[in-house]
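>>> kindly return the folded structure for what I paste below:
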Amino acid sequence: MNELDKIKIGFAIALLAGLFTMQPLIEASAFSFDFFTINLKVTLLYWIFVSLLALSVYFYALALIKFEKLTSFFQGFGNWTYAISLLFPPFILTIYIISLLLKLISPIFKSDNITTSISFLLGITSSVFASFLVNKVQAKFKKEGDKQNAERMKAFEINSLKKAKTLFQSSYYDLVFIELWNTLELSFKRAFLQKAIPFPEKSAIKLIEIIKKNNLLPSNLVDELEAIRNLRNKSAHPQAGLSVSKQQAENAIRNTEKILIAIENYSEVCYYCQKEYPLSELEVEEINGDYYACKTCIKEHPDWKNEILSMGMDP
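Model (predicted):
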């Protein structure tokens, strides 16, 4: 749960407290108005409003428990009920004004059918508009919540990479791979969140399959990612006589940083044609300064990596 949701919970609870202080006045009121054939009493509207706010707090509280598969559902339903509760008072005010207008114009039209038709159209229009506003507000809440979650994961990702480097300096090479994989998982969670791709929580193999399917990384970095995963598994489940070396850990840190950069920058410019392509459609030459070539130019320059090495400079 992000900070925005916590603020919404606090606001809803404060509003509920204020509403409960008004309960004796509401219960004593006999105010009501007719909308179509429905008589809307202020007490009924009051309890609907209170129930919507209470439901939003309840579902946000369920989201805090971190159910494995239901957390996002509870958070989404909390956003939905919270958006409805915020828009409920202006919606009721709108239909009350419509009911007053209908009372004013009904004497003008002698036919009850005309009055009924106008009432029906106004009711449908107000309902559609209210539904549109609820969806807009809910989408805004989700977008802001996703943004805060991404920022929080970015901070965790940076700290995790720093921890991996500290472990490397302390010669805990096996633990380096465990921390690097944690860094990569956080980074991909953030990327998947921005692309609205479901994240496989407990399957590294499924994660790599989704990365390949959605072209999130060029093929050479996917290979490096799989190598880091394999060494991470070796570190997490050590066997007698098998251990990771300092060189392997150093290479893994360097490759992890390249993967993180690639996740942030989904495109690069081809060395030859100078056109921008997604990283998944490029091949990379890393020895002489990370140059990229698109598939079309590679067909024209099959020995392109050696060409770049022989030039030693940009074209």
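
>>> now the helices for the stretch 51-200 of the chain?
Secondary structure of the stretch 51-200 of the chain, counting by DSSP state H, counting those that start in this stretch: helices at 71-105, 112-169, 173-194.

>>> which of the ones you listed has the lowest mean pLDDT?
The minimum mean pLDDT among the helices of the stretch 51-200 of the chain belongs to helix 112-169 (a mean of 73).

>>> returning to what we had before: let me know which of the helices of the stretch 51-200 of the chain is tucked in deepest.
Among those, helix 173-194 has the highest mean neighbour count (mean count of other Cβ atoms under 10 Å), at a mean of 21. (Glycine included, C-beta is placed from N, CA and C.)

>>> picking that back up, columns distance to Glu300 on top of the helices of the stretch 51-200 of the chain, output as TSV?
Shown next, in TSV, are the helices of the stretch 51-200 of the chain (distance: least, Cβ to Cβ, whole Å):
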stretch	distance to Glu300
helix 71-105	47
helix 112-169	38
helix 173-194	32
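
>>> which one of the ones you listed lies nearest to Glu268?
Of all these, it is helix 173-194 that lies closest to Glu268, at 16.4 Å by Cβ to Cβ.

>>> next one: the closest one to chain centre, how far?
17 Å (Cα atoms, centre = their mean, to the nearest Å).

>>> which element follows that helix toward the C-terminus?
Counting by DSSP states H and E, the element after helix 173-194 in chain order, helix or strand, is helix 204-213.

>>> by how many degrees do whichever helix or strand comes after that next one and helix 173-194 diverge?
Remark: after helix 204-213, the chain's next helix or strand is helix 219-236, criterion DSSP H and E. Calculated by axes from the mean of the first three to the mean of the last three Cα atoms, to 10 degrees, helix 219-236 forms an angle of 130 degrees with helix 173-194.

>>> other residues contacting helix 219-236?
Outside helix 219-236, the residues that touch it by Cβ atoms under 8 Å, 6 or more residues apart in numbering are 173-178, 180-181, 184, 204, 208, 211-212, 217, 242, 244, 248, 252, 255-256, 258-259, 262, 279-280, 283-284.

>>> how about the nearest residue to Gln248, chain neighbours excluded?
Leaving aside its sequence neighbours, Gln248 sits nearest to Leu231 (Cβ to Cβ, 6 or more residues apart in numbering; 6.2 Å).
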